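Asker: Mind looking at a prediction? Sequence and model below.
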Number of protein chains: 2
Amino acid sequence: MPHTTPPLDMAAWMQGHLLRVEAFLSDWVGHGAPAGLGQAMRYAVLDGGKRLRPLLVLAAREAVASADSPHSPLHSTADEAALRAACAVELIHAYSLVHDDMPCMDNDVLRRGKPTVHVQFGQATALLAGDALQALAFELLVPEASAIPNSIQARLCGLLARAAGAQGMAGGQAIDLASVGIALNEDQLRQMHRLKTGALLQGSVLMGAACGQADVAAQAALADYGAALGLAFQVVDDILDVTADAATLGKTAGKDAAQDKPTYVSLLGLEPAQAYAQQLHQQALAALAASGLPDTRALAGLAHKVVDRAY
Amino acid sequence: MPHTTPPLDMAAWMQGHLLRVEAFLSDWVGHGAPAGLGQAMRYAVLDGGKRLRPLLVLAAREAVASADSPHSPLHSTADEAALRAACAVELIHAYSLVHDDMPCMDNDVLRRGKPTVHVQFGQATALLAGDALQALAFELLVPEASAIPNSIQARLCGLLARAAGAQGMAGGQAIDLASVGIALNEDQLRQMHRLKTGALLQGSVLMGAACGQADVAAQAALADYGAALGLAFQVVDDILDVTADAATLGKTAGKDAAQDKPTYVSLLGLEPAQAYAQQLHQQALAALAASGLPDTRALAGLAHKVVDRAY
């Protein structure tokens, strides 16, 4: 029960899981690909990023597992499924950044403190590397020789495809494109971000939950958590675009304002945006409390990280 | 048995299957997407293309089904699985054309007699439409409410992901990019095409076979058929690039030579390339004969179409 569970050492929790994610990504990405393509894929994925989405998958899987019998026959395979889902969702995120940075989109030259993929490898290779990373994400979810139940493999593919596609991330990017220089109201801005960044963040939580056997009420609560966290992430992003500098951010700062893109800060003002982020944080925690799952400490810890991050 | 089976009316066979594929694609593509993105996705996919890959899926599924008991419990769901696989593989093909035509790749302005997607909708929307089509391809394969066995759903996802990714189509495109102006020998050219176009054509055949219960020998024979057909397709493409005009081809003719890209014609000469296409045709038919499947007429008909096409 939550009140008797000892506090979680988030730094240790994250470090342990990140080691597994990084090792798995390094094992899986870019091998067997023609040289230039494989290099670009690895450059886009490895040694960078906060890995928030993989950690959300793994934290959600732990929350759901905390309600399972430890003797459930699914336990052993759920671990592998969750690790594959964690890496798959990161590959989708990584490909979206590669394509987003290209000259025909955001035309960004700096990402995570390094030249962007198209600057380093050329636009054609960047385009193909993004395409190949998306295919690899789905390949990771359906290993040929594995004890992961096919029902879980198929469910993970469906969740990822919907989160990434036209009614998810890609759709949100299209709305974003169409909204430059246009005055969006708060509902429209929320809808854009719900798709653009929210869908994949929420999808990460749902994929983690799909690796176990959460009941419908717990799944709905985790979906609420994911929605609040996804929106909080974007509000904080908008705040950091104004308050942080490029060195801290690892990417070009002040771009949204310079491009006349609508943001929570431009719409609400800085302080109300900060208050809104705190409110979403509380909503996320309330959803965890409502889930009825015995141990949601890692998910709570990640919500805290999202709201209090400096970059 | 083949010698007692009446000849297949290929025109009628194709017409019937194409109607189903077109209707399904029109039902599935671009709905629920933000307006500009959905439009671009439909523009890229509908009312165009020979639909060779979907037809290969459906023909392979029929060949495999001809060996099944008609009372197999899989029969009813295999139809739906094959139609979904047929459309999914066409979405992957369509997205690859959208990205391939972009200025940073082939910079083509004409496709199927119409302006290419980036000319019509802008580069950013073309990039996103391609990305969203890839996600949709995988989404089609894992319907939430369906009687298609999860094992088949997962297997189809795996086959498609491998055919599309860094060790398939995207990998072949990367080799193609790197080979402009470089003298490839025939082995290197074959390896490039085996990935660039062959992987998805062969993948189509394997996906159709995965909708039924072919034995290992039949599957291997169908893989051989797919490999020969995939290579024949590319050899004929290279021949048509020299012998056809843009009006017949529906795209810019003579581009390969103008870009100094290696082709079977530049490597072998026109007549030897034509002879090679015929030889591959015979290999494809021999593989069908070796498959032991009772009815491979549609697959044989498609091999004929591939080699004897004028565009």
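Answerer: Nice, I can see it.

Asker: Where does A:Ala78 sit: helix, strand or coil?
Answerer: Following DSSP: H, G, I helix; E, B strand; the rest coil, A:Ala78 is assigned to helix.

Asker: pLDDT score assigned to the residue lying closest to it once chain neighbours are set aside?
Answerer: Spatial nearest neighbour of A:Ala78, chain neighbours left out: A:Cys211 (4.5 Å); criterion: Cβ to Cβ, 6 or more residues apart in numbering or on different chains. From N, CA and C alone the C-beta is placed, and that goes for glycine too. Among the per-residue scores, A:Cys211 holds a pLDDT of 93.

Asker: Same check on the one 5 residues further on?
Answerer: At A:Val216 the predicted local confidence, pLDDT, stands at 91.

Asker: do you know how far it is from A:Leu222?
Answerer: A:Val216 sits 11 Å away from A:Leu222 when distances are taken as Cβ to Cβ, to the nearest Å.

Asker: of these two, who's got more company?
Answerer: Under the neighbour definition other Cβ atoms under 10 Å in any protein chain shown, A:Val216 and A:Leu222 were set side by side, and A:Leu222 has more, 27 against 7.

Asker: so which helix or strand takes in the more buried one?
Answerer: Here A:Leu222 is covered by helix A:216-243, with elements defined by DSSP states H and E.

Asker: in that helix, what's buried?
Answerer: A:218-219, A:221-242 (16 or more other Cβ atoms under 10 Å in any protein chain shown).

Asker: Check stretch A:102-119 too.
Answerer: Taking 16+ other Cβ under 10 Å as the basis for neighbour counts, the residues of stretch A:102-119 that come out buried are A:102-106, A:108, A:110-111, A:116-119.

Asker: and what of stretch A:128-146?
Answerer: In terms of neighbour count (16+ other Cβ under 10 Å), stretch A:128-146 has its buried residues at A:128-142.

Asker: mind showing which ranges of the stretch 101-250 of chain A have poor pLDDT?
Answerer: Along the stretch 101-250 of chain A, the model assigns pLDDT under 70 to residues A:245-250.

Asker: Quick one: the helices in the stretch 151-300 of chain A, in order.
Answerer: Across the stretch 151-300 of chain A, reading from the start of the chain, the helices by DSSP state H, counting those that start in this stretch fall at A:169-178, A:186-193, A:199-210, A:216-243, A:246-249, A:255-258, A:264-268, A:270-290, A:297-308.

Asker: Where does the spatially most central residue of chain A sit: helix, strand or coil?
Answerer: For chain A, the residue whose C-alpha lies nearest the mean C-alpha position (Cα atoms, centre = their mean) is A:Arg53; its distance is 3.2 Å. Per three-state DSSP, the secondary structure class of A:Arg53 is helix.

Asker: doesn't A:Gln202 make contact with it?
Answerer: No. Look at A:Arg53 against A:Gln202 with Cβ atoms under 8 Å: they stay out of range, at 10.3 Å.

Asker: ok, which stretches of the stretch 51-200 of chain A are strands?
Answerer: Counting by DSSP state E, counting those that start in this stretch, the stretch 51-200 of chain A forms strands over residues A:110-111, A:114-115, given from the N-terminal end onward.

Asker: Just send the ones you listed back as a markdown table, with distance to chain B too.
Answerer: Written out in a markdown table, the entries for those read as follows (distance: least, Cβ to the nearest Cβ, whole Å):
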| stretch | distance to chain B |
| --- | --- |
| strand A:110-111 | 17 |
| strand A:114-115 | 16 |
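
Asker: With A:Val306 as the reference, name the closest of those.
Answerer: Between A:Val306 and the strands of the stretch 51-200 of chain A, the tightest spacing by Cβ to Cβ is seen for strand A:110-111, at 19.5 Å.
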